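A.B. asks: Quick one: sequence plus predicted model below, questions after.
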Amino acid sequence: MGTALIYDEEMTRYKLLWVDPACKIEVPERLTVSHEALIKNGLADRCVSVPVREATDADILLVHSEEYLEAVKKTPYMTLEDLKEFTLQYGDVYFHPNIYHCAKLAAGAALQLVDSVMTGKVRNGMALVRPPGHHSMSSAANGFCVFNNVAIAAQYAKQKYGLKRVLIVDWDVHHGQGVQYCFEDDPSVLYFSWHRYEHQKFWPQLRESDYDSVGKEKGAGFNINVPWNKVGMKNSDYLSVFCHVLLPVAYEFCPDLVLVCAGFDSAIGDPEGEMCASPDIFAHLTHLLMNLAGGKLCAVLEGGYNLTSLPQSVCQTVQTLLGDPAPRPANLDGPCESALESLHCVRSAHRQYWSCLKHAAKLPTFEISTKRVKLAEEEERLEKGDEEKSQEEQVWPEPPKRVTPPIRAALVLPNGVACPDGCESFGASEDADPVIVNKLRENFVKDADDCHALTTLSSLISLVEKMEKNEICSGLALVCDVSMAMMCVVQHAATALSKRLLVVCVGDTAVPSDDTENGKTVLVQFSSKESEEQKCKYYIPVCLKKGCSDASGFLQAVLGLLLPLGYEYDPSLVLLVRMPDSGVCDSVWQQLTGLLQGLAQGHTLVLMQEGEKERVAPTASALLGDAAPSLGQLHSPLPEDVEVLERLRHRLQGDWKLLQTTAPETG
Ligand SMILES: COCC(O)(O)CCCCCNCCCN
Ligand SMILES: [Zn+2]
């Protein structure tokens, strides 16, 4: 299924008609440069073009009051003076004779996107709209917003498709207070927002934008605010919040639909956000959400004011929605202290609502240390003086070209096993290097004349070579001896390829520990067997009480440990090994395979036992980028498992900074 793109030039036909410094950044060019970039990069014509429509009164009244709608209806007939007068009653927003029309199109575009996804016309999609929506409230325009596009879309989706749970992820750099107010007592809509806050110093300077606004009454726990109390947040800060807050909760919540308030003012270069995350981070943020809700994801543009980083971020998002592998994340070095503080506060505030956070560290007597932090930051701000923010031009590298290999998934299968559609059957290549074949013969193939094993291994080696050359994206091999095949790939990757290899071993087996010494290989093994505590940082045994058969424990280990570690390690190849007795179920297996494709530009090589031919189709579907089936609402992970994970994380976080979830104990 494809990706919808919704855009209409009409939404560029309104602009600020008078002087207002607060609003001058919201210009029509935001939409034109974004759409033109999608065309220039050949992404627009890979999408399914879906037309906009006007939201009806009934649609708008799902969120807004009648008096507000009636008032806005009058604006097309107002004189300039009346428009200015009308605007004065709201904050940081402007009206224009054509803005009501455009606001109906923006909300209607979001609804068209919901319909396209919910009817299965497309898998996911993006709506490029203005005016944006997440600040507008039931009876008020605010922050460039007239109608709350995404809030209307959520209510519409629930009403028309009877959805039980909708997740709204707001990665715009401002707090979408309008969305929070709309759903704060509603447990069927989980609203997640991070936003520049600076201890309430940053617009809209609301007390209720802080981490302790968790929702009200039945909605308690279903509103998650991550305040950024400093500017300059980077890719590591964003990824650690996804791995340690949003994703564990999102998987536990198990939404039927994911809506994204896709604001790109959280990217580097933006005058509002003043953050330092690179545009390609949105490829990863999008990818990490694409296995929720069976892949049903609707992204609706909110903010984004730098006319260079905005189109780059939009292209990164759409290219990932189209299924192209994400670029390797530039050197992630772990969250900054301020981000860790926010992470700790948010996890602590929500520990009572989400079982995945139940063991999150409690807030220490935080008042003291927070006050200390605030005083320090206040002094810093005073020193800096309130001179106009030095708008020195931020520079950043052009996002990497994301070339998709000609072969998406190559399969090495024994005779008689059908190769699923979309995959290429990959046989022993004649050009297998005789030196390598001989080495294989010596080291791995016990009885030399076992030509079958030799053929399979040399196929594996040439498959790895072709992945290295980006001729093949991912691979799957059914082998007679999984452990031997794993050793063979590890050895080849460690010696022949100068790059880093991440081995994810699902199930019990002896693992090559010596190769992990050279730092070229990190091996994470999920099993139920207590293994001798390996001291080296490169072999990580994750011992779960029920091994991989308990979905919630296993998934928390994947989200809170494997993913952050994998992102920080940044391998060039991921070797995913499924041992025959792993006990992992298909849906968890597909989630794992899908999530790991965010690493190594999607270069995932899966090894499975020859006998597991029924696993070929589900694995191939994950390698082709199809969304994994939903896991259902996750129950509490076993206390023993959480204990193991917390202990592991504390042991490893010295080496792997992305595993941190609390600020280092300040002396
Ligand atoms: C949903 O709208 C997208 C948005 O969140 O980006 C709107 C931001 C309004 C920012 C208003 N203050 C501007 C002060 C000028 N320095
Ligand atoms: Zn914004």
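C.D. replies: Here it is on my side, so go on. Ligands and ions are numbered 1, 2, ... in the order given.
A.B. asks: and the chain, which of its residues are near ligand 1?
C.D. replies: Proximity of the chain to ligand 1, by C-beta under 6 Å from any ligand atom, involves residues 22, 92, 132-135, 143-145, 172, 174, 203, 263, 265, 272, 302-303. Placement of C-beta: from N, CA and C, glycine included.
A.B. asks: Would you list the buried entries among those?
C.D. replies: Restricting the residues of the chain next to ligand 1 to buried positions leaves 92, 132-135, 143-145, 172, 174, 203, 263, 265, 272, 302-303, with burial counted as 16 or more other C-beta atoms under 10 Å.
A.B. asks: quick one: terminal-to-terminal distance for stretch 576-590?
C.D. replies: 12 Å (C-alpha to C-alpha, to the nearest Å).
A.B. asks: distance between it and the chain's centre?
C.D. replies: 23 Å (C-alpha atoms, centre = their mean, to the nearest Å).
A.B. asks: And the contacts of that stretch?
C.D. replies: Identification of contacts with stretch 576-590 by C-beta atoms under 8 Å, 6 or more residues apart in numbering yields 291, 482, 486, 503-509, 526-528, 546-549, 551, 554-555, 592-593, 596, 604-609, 611-612, 615, 618-619, 621-622, 628-631.
A.B. asks: Please narrow the residues you listed to those residing in strands.
C.D. replies: 503-506, 526-527, 604-609 (DSSP state E).
A.B. asks: Out of the residues you listed, which one has the weakest pLDDT?
C.D. replies: Across the ones in strands among the contacts of stretch 576-590, the bottom pLDDT score, 91, is held by residue 527.
A.B. asks: number of nearby residues for the residue nearest to that residue when sequence neighbours are not counted?
C.D. replies: Leaving aside its sequence neighbours, residue 527 sits nearest to residue 508 (C-beta to C-beta, 6 or more residues apart in numbering; 4.4 Å). Residue 508 has 20 neighbours, counted by other C-beta atoms under 10 Å.
A.B. asks: Please apply the same query to residue 49.
C.D. replies: Residue 49: 10 neighbours (other C-beta under 10 Å).
A.B. asks: ok, so what distance separates the closest residue to it other than its chain neighbours from residue 122?
C.D. replies: Among residues not flanking residue 49 along the chain, residue 5 sits closest, at 5.9 Å (C-beta to C-beta, 6+ apart). Taking C-beta to C-beta, to the nearest Å as the measure, residue 5 falls 9 Å from residue 122.
A.B. asks: For those two, indicate the residue with more neighbours.
C.D. replies: More crowded of residue 5 and residue 122, by other C-beta under 10 Å: residue 5, with 24 against 21.
A.B. asks: that's a strand at that one, yeah?
C.D. replies: Yes - counting by DSSP: H, G, I helix; E, B strand; the rest coil, residue 5 is part of a strand.
A.B. asks: just checking, it touches residue 126?
C.D. replies: Yes - between residue 5 and residue 126 there is a contact under C-beta atoms under 8 Å: 5.9 Å.
A.B. asks: And the helices in the stretch 351-500 of the chain?
C.D. replies: For the stretch 351-500 of the chain, the helices defined by DSSP state H, counting those that start in this stretch occupy 366-384, 434-443, 451-468, 482-495.
A.B. asks: Quick one: closest of these to ligand 2.
C.D. replies: For the helices of the stretch 351-500 of the chain, the distance to ligand 2 is smallest for helix 366-384, at 21.5 Å, taking C-beta to the ion.
A.B. asks: give me the number of residues near the closest residue to residue 437 other than its chain neighbours?
C.D. replies: Leaving aside its chain neighbours, residue 437 sits nearest to residue 458 (5.2 Å; criterion: C-beta to C-beta, 6+ apart). By other C-beta under 10 Å, the residues close to residue 458 number 22.
A.B. asks: What of residue 130?
C.D. replies: 27.
A.B. asks: That one should be in a strand, yeah?
C.D. replies: No - Residue 130 is assigned coil when assessed by three-state DSSP, not a strand.
A.B. asks: correct me, but it touches residue 28?
C.D. replies: Yes - Residue 130 lies in contact with residue 28 (C-beta under 8 Å); the separation is 7.4 Å.
A.B. asks: any residues in contact with both of these two?
C.D. replies: Counting by C-beta under 8 Å, 6+ apart, the residues touching both residue 130 and residue 28 are residue 12.
A.B. asks: So residue 627 is in contact with residue 295, correct?
C.D. replies: Yes - with contact defined as C-beta under 8 Å, residue 627 reaches residue 295; the gap is 2.6 Å.
A.B. asks: one step back: of the residues of the chain next to ligand 1, list those near ligand 2.
C.D. replies: 172, 174, 263, 265, 303 (C-beta under 5 Å from the ion).
A.B. asks: Which neighbours do residue 5 and residue 122 have in common?
C.D. replies: By C-beta under 8 Å, 6+ apart, the residues touching both residue 5 and residue 122 are 48, 50.
A.B. asks: Can you read off the pLDDT for the closest residue to residue 397 other than its chain neighbours?
C.D. replies: The spatially closest residue to residue 397, leaving aside those adjacent along the chain, is residue 278, at 7.6 Å (C-beta to C-beta, 6+ apart). On pLDDT, residue 278 comes in at 97.
A.B. asks: What residues does residue 278 make contact with?
C.D. replies: By C-beta under 8 Å, 6+ apart, the neighbours of residue 278 are 235, 267-268, 330, 396-397, 399.
A.B. asks: need the contact list for the closest residue to residue 452 other than its chain neighbours.
C.D. replies: Distance criterion C-beta to C-beta, 6+ apart; nearest residue to residue 452, sequence neighbours excluded, is residue 480 at 7.1 Å. Contacts for residue 480 (C-beta under 8 Å, 6+ apart) come out as 452-453, 456, 609-610.
A.B. asks: Backbone dihedrals for residue 480, both of them.
C.D. replies: With angles defined as degrees, to the nearest 10, residue 480 sits at phi -80, psi -30.
A.B. asks: Derive a PyMOL selection command for the buried subset of the contacts of stretch 576-590.
C.D. replies: One line in PyMOL is enough to select the buried members of those, burial here meaning 16+ other C-beta under 10 Å:
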select buried, resi 291+482+486+503+504+505+506+507+508+509+526+527+528+547+548+551+554+555+592+593+596+604+605+606+607+608+609+615+618+619+621+622+628+629+630+631
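A.B. asks: tally of neighbours for residue 19?
C.D. replies: 7.
A.B. asks: any idea how far it is from residue 94?
C.D. replies: Relative to residue 94, and taking C-beta to C-beta, residue 19 is found at 10 Å.
A.B. asks: Check residue 9 too.
C.D. replies: On the measure of C-beta to C-beta, residue 9 and residue 94 end up 20 Å apart.
A.B. asks: Those two - which one has more neighbours?
C.D. replies: The neighbour count for residue 9 versus residue 94, taken as other C-beta under 10 Å, is higher for residue 94 (24 against 10).
A.B. asks: residues touching the more buried one, list them.
C.D. replies: 16-18, 20, 23, 26, 83, 87, 144.
A.B. asks: Okay, it and residue 305: tell me how far apart.
C.D. replies: For residue 94 relative to residue 305 (C-beta to C-beta), the value is 15 Å.
A.B. asks: and what of residue 413?
C.D. replies: On the measure of C-beta to C-beta, residue 413 and residue 305 end up 51 Å apart.
A.B. asks: gap between the two ends of stretch 631-644?
C.D. replies: Stretch 631-644: ends 22 Å apart by C-alpha to C-alpha.
A.B. asks: Quick one: residues in contact with it.
C.D. replies: 251-254, 355-356, 358-359, 542-546, 550-553, 555-557, 587-588, 591.
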